[in-house]
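>>> Provide a 3D model corresponding to the input given below.
(chains A and B)
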Number of protein chains: 2
Amino acid sequence: MIKEYYSYEDFRRDLRTLTKKINKPFDTIMGISRGGLSMAQMLGEYYNIRKVYAINSIGYDDTIKLDEVRIFNTPDLSDSKAVLIVDDILDSGETMVKVLDILKEKYPDVILYVASIFYKKSAKIAPDWFVKEPQNWIDFFWTVDLKEDKV
Amino acid sequence: MIKEYYSYEDFRRDLRTLTKKINKPFDTIMGISRGGLSMAQMLGEYYNIRKVYAINSIGYDDTIKLDEVRIFNTPDLSDSKAVLIVDDILDSGETMVKVLDILKEKYPDVILYVASIFYKKSAKIAPDWFVKEPQNWIDFFWTVDLKEDKV
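From the prediction side, this is the model:
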């Protein structure tokens, strides 16, 4: 499979594009860990939102998909009106479907939006906003930048 | 006050330095939101740790310090043995002291380590590992990179 390096500068440019697309108000940002954490932080700074939360998902074991996606550490949304849930990529979409199910059940009155950088059309769910479709396997900078021997 | 821009490349270089200093094992990484989220994500990738959590703190209102630091969304550490708590900067150290107090009370058997990029010697607590002391006000890339008119 062709691997494509996704640099911090790519990320920065794509987040700028994303902020131009997002056209609904929200008061909370929730990043799906690990992939959505940097995104949640930078969007929190951009929108001046301090309620930047994380939620955990375990569903992949490296590249082997497990049948069950487990969601845990659901943050307290009792004083949130609208939440932007962010992740780097909607691939199968299974994690996002499960996160939405859990949040809708626990917080039926909270408005939920989804934004991702990458979105595969084969995913089970479409984000409200995304930037692009992945053409190759993406080597995100946060995955490779500390591992490689670059300085 | 002199402002110093802290770029992604600075961050990457400092995280590499930090990984060379960290010399204890841990199975969980917890970033203090918002400042520690990118750091938690990248270190999680580096150490191949999937238990990357967040904890929330509200204590500053822009640059005005509030008397009370409120900690919330404490993640479930019941299956963790040792946790690396990360934040961008230990300034007053009040947030970290409060986070440690809460975690020690709730999880007395969990080993807690603290790592930060910046550490002010006037802080109430010293991290186990840090990279450098801040000389100026730090404009972190995650704060300014989406706001500025750079492309």
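
>>> Identify the residue of chain A closest to chain B, quick one.
Per Cβ to the nearest Cβ, A:A54 is where chain A lies closest to chain B, at 3.5 Å. Bear in mind the C-beta positions are built from the backbone N, C-alpha and C, glycine included.

>>> What's the local residue count around that residue?
Other residues within reach of A:A54, judged by other Cβ atoms under 10 Å in any protein chain shown, total 30.

>>> my read is it is in a helix, agree?
No: under DSSP: H, G, I helix; E, B strand; the rest coil, A:A54 sits outside any helix and is assigned strand.

>>> Following element in sequence after the helix or strand of chain A with the lowest mean pLDDT, please.
Of all helical and strand segments in chain A, the minimum by mean pLDDT, DSSP states H and E falls on strand A:64-72, at a mean of 74. Next along the chain after strand A:64-72, taking DSSP states H and E as the criterion, comes strand A:82-90.

>>> Tell me the neighbouring strands of that next one, and mark each as parallel or antiparallel.
Sheet pairing of strand A:82-90 (DSSP bridges) gives strand A:28-33 (parallel), strand A:111-119 (parallel).

>>> So which residues on chain A come close to chain B?
Residues of chain A lying near chain B by Cβ under 8 Å from any Cβ of the partner chain: A:8, A:12-13, A:15-16, A:19, A:31, A:33-35, A:37-38, A:40-46, A:50-54, A:56, A:58, A:72-73, A:75-76, A:142-143, A:145-147, A:151.

>>> at 7 Å instead, please
Residues of chain A lying close to chain B by Cβ under 7 Å from any Cβ of the partner chain are A:8, A:12, A:15-16, A:19, A:31, A:33-34, A:37-38, A:40-42, A:44-46, A:50, A:52-54, A:56, A:58, A:72-73, A:75-76, A:142-143, A:145-147.

>>> Now restrict those to buried residues only.
A:8, A:12, A:15-16, A:19, A:31, A:33-34, A:37-38, A:40-42, A:44-46, A:50, A:52-54, A:56, A:73, A:75, A:142-143, A:145-146 (16 or more other Cβ atoms under 10 Å in any protein chain shown).

>>> quick one: low-confidence ranges for chain A?
Low-confidence segments of chain A (pLDDT under 70): A:59-67, A:148-151.

>>> is the residue nearest the centre of chain A in a bridge, and if so with what?
Residue closest to the average C-alpha location in chain A (Cα atoms, centre = their mean): A:D87, at 0.7 Å. Beta-bridge partners of A:D87, counted by DSSP bridges, are A:S116.

>>> gap between it and A:E68?
A:D87 sits 18 Å away from A:E68, going by Cβ to Cβ, to the nearest Å.

>>> Can you flag which of the buried ones among the residues of chain A next to chain B belong to helices?
Residues of these located in helices (DSSP state H): A:8, A:12, A:15-16, A:19, A:37-38, A:40-42, A:44-46, A:142-143.

>>> Name the nearest of the residues you listed relative to B:K81.
Relative to B:K81, the closest of these is A:L37; by Cβ to Cβ it sits at 22.2 Å.

>>> what's A:G44 in contact with, if anything?
Contacts here follow Cβ atoms under 7 Å, 6 or more residues apart in numbering or on different chains; on that basis A:G44 touches A:29, A:50, A:52, B:34.

>>> and these as JSON lines, adding distance to A:A115?
Below are those laid out as JSON lines (distance: Cβ to Cβ, whole Å):
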{"residue": "A:I29", "distance to A:A115": "9"}
{"residue": "A:R50", "distance to A:A115": "18"}
{"residue": "A:V52", "distance to A:A115": "14"}
{"residue": "B:R34", "distance to A:A115": "17"}
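
>>> A:E105: which of the residues you listed is nearest?
A:I29 (20.6 Å).
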